[in-house]
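Participant: sharing a sequence plus its predicted fold:
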Amino acid sequence: MQQSKWDQERYSQDKSTITFKVFLSNPLLRYGICLCMILGILLGLWQLSNPGADHTPAGLIPVIKPLEGPTKIRPTTNPKDTHEDKTIYQKLSDTKEPQRVENLLGGPEEPIARPLSLPEEFIGEFLEEKTEITLPDSKATKSKSDVSVIQTTKDPKEISNDLAKETDLEGAKSANVAISGSHVKTSPEKNTPSQERYCLQLGTLKTEEQAKLEWKRLSSRQVLKSYLQALKPEFKKVDLGNDTGVRIRLIAGSFTKKEAQNLCQELKKVSAKHNITLGCRVKKR
């Protein structure tokens, strides 16, 4: 016998109800379902109570990805209008205001070229150069005093002739012209010794304490004692420009130029022979 369509639907409903009842009648299944529900509720509460928790492992920085889609969007209005006939000084909108001419400043000025740094030796010698005041020649003063004495017993014509001769003599002396004649008094020239004195520069250091230690080091060497024991050290402060700054120069002695050069050469020879670092230079006082 074939079942009708209504009987088939009824039979299927009864079968499903029977299986669900059998499923609920098993206590183990009921306990398992309740336990899973409780665990799911607890897990959801824990996730809600921890908003900062993420799934990235510890020690890794999360990567922020860019947005999907194009970064630039082409405008849809007037795609062919490129405004090539406009300049940056004109307004794009139609206005009735007259166009104003804007006078812009020129480009930035070029910086002044920094002067080349001069060597330390040149700067030091330039700063130490002293302009000596030239004293008037004693012979010229003597001749003026001699000429000023005129005999009052002479006639006015003789006095005027003598004055003319004296003025000619003074002009010739100032022009370094050799004059000869019976009326000119000549005196033997005296060889006056030069007043320029020179010293030895033994080092240039940053502080005075370093300069004192340098003098102590040099004077304590046995091979240099015979040269330096009679000299008195001096510590002179000099300004060597912006690049180097202020330095202390160790100088000693007061000699003529030839004596200073000879002594400096001897010190260089001895120091080179015994491997002693010594920088000796001749400087004007």
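Facilitator: That came through fine.
Participant: which SS class is residue 243?
Facilitator: coil (DSSP: H, G, I helix; E, B strand; the rest coil).
Participant: which other helices and strands does the longest strand along the chain contact?
Facilitator: Across the chain, the longest stretch assigned as strand under DSSP state E is strand 246-255. Judged by 3 or more C-beta pairs under 8 Å, 6 or more residues apart in numbering; DSSP states H and E, the packing partners of strand 246-255 are strand 198-205, helix 208-219, strand 233-239, helix 257-273. Yep, even glycine has a C-beta here, placed from its N, CA and C like the rest.
Participant: buried sites along the longest one?
Facilitator: Using 16 or more other C-beta atoms under 10 Å as the burial criterion, the residues of helix 257-273 that qualify are 260, 263, 264, 267, 270, 271.
Participant: just the CA atoms of that helix, as CSV, please.
Facilitator: Coordinates of the C-alpha atoms in helix 257-273 are reproduced here as CSV (Å, rounded to 0.1, in the frame of the first residue of the first chain):
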residue,chain,number,x,y,z
LYS,A,257,118.7,88.5,15.5
LYS,A,258,121.9,86.6,14.6
GLU,A,259,122.4,85.3,18.2
ALA,A,260,118.8,84.1,18.3
GLN,A,261,119.1,82.3,15.0
ASN,A,262,122.3,80.5,16.0
LEU,A,263,120.9,79.4,19.4
CYS,A,264,117.7,78.2,17.8
GLN,A,265,119.7,76.1,15.2
GLU,A,266,121.7,74.6,18.1
LEU,A,267,118.6,73.7,20.0
LYS,A,268,117.0,72.1,16.9
LYS,A,269,120.1,70.0,16.3
VAL,A,270,120.4,68.8,19.9
SER,A,271,116.6,68.0,20.1
ALA,A,272,116.6,66.1,16.8
LYS,A,273,119.7,64.1,17.9
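Participant: what angle do it and helix 208-219 make?
Facilitator: Helix 257-273 runs at 80 degrees relative to helix 208-219, counting by axes from the mean of the first three to the mean of the last three C-alpha atoms, to 10 degrees.
Participant: so what touches helix 257-273?
Facilitator: Applying C-beta atoms under 8 Å, 6 or more residues apart in numbering, the contact partners of helix 257-273 are 196, 198-200, 223-224, 227, 253, 255, 276-278, 280-282.
Participant: what about 10 Å?
Facilitator: Outside helix 257-273, the residues within contact range by C-beta atoms under 10 Å, 6 or more residues apart in numbering are 194, 196-202, 218, 221, 223-224, 226-228, 231, 252-256, 276-285.
Participant: angle of that helix against strand 246-255?
Facilitator: Going by the same axes, to 10 degrees, helix 257-273 makes 110 degrees with strand 246-255.
Participant: now for the next helix or strand after helix 257-273, which elements pack on it?
Facilitator: Downstream of helix 257-273, the first helix or strand assigned by DSSP states H and E is strand 281-284. Judged by 3 or more C-beta pairs under 10 Å, 6 or more residues apart in numbering; DSSP states H and E, strand 281-284 is in contact with helix 120-128, strand 198-205, strand 246-255, helix 257-273.
Participant: try it again with 8 Å
Facilitator: Using 3+ C-beta pairs under 8 Å, 6+ apart as the contact test, the elements touching strand 281-284 are helix 120-128, strand 198-205, helix 257-273.
Participant: export the ones you listed to a markdown table and tack on mean pLDDT and distance to residue 106?
Facilitator: Compiled in a markdown table, those are given as follows (pLDDT from 0 to 100; distance: least, C-beta to C-beta, whole Å):
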| stretch | mean pLDDT | distance to residue 106 |
| --- | --- | --- |
| helix 120-128 | 58 | 38 |
| strand 198-205 | 89 | 47 |
| helix 257-273 | 88 | 57 |
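Participant: all set now, cheers.
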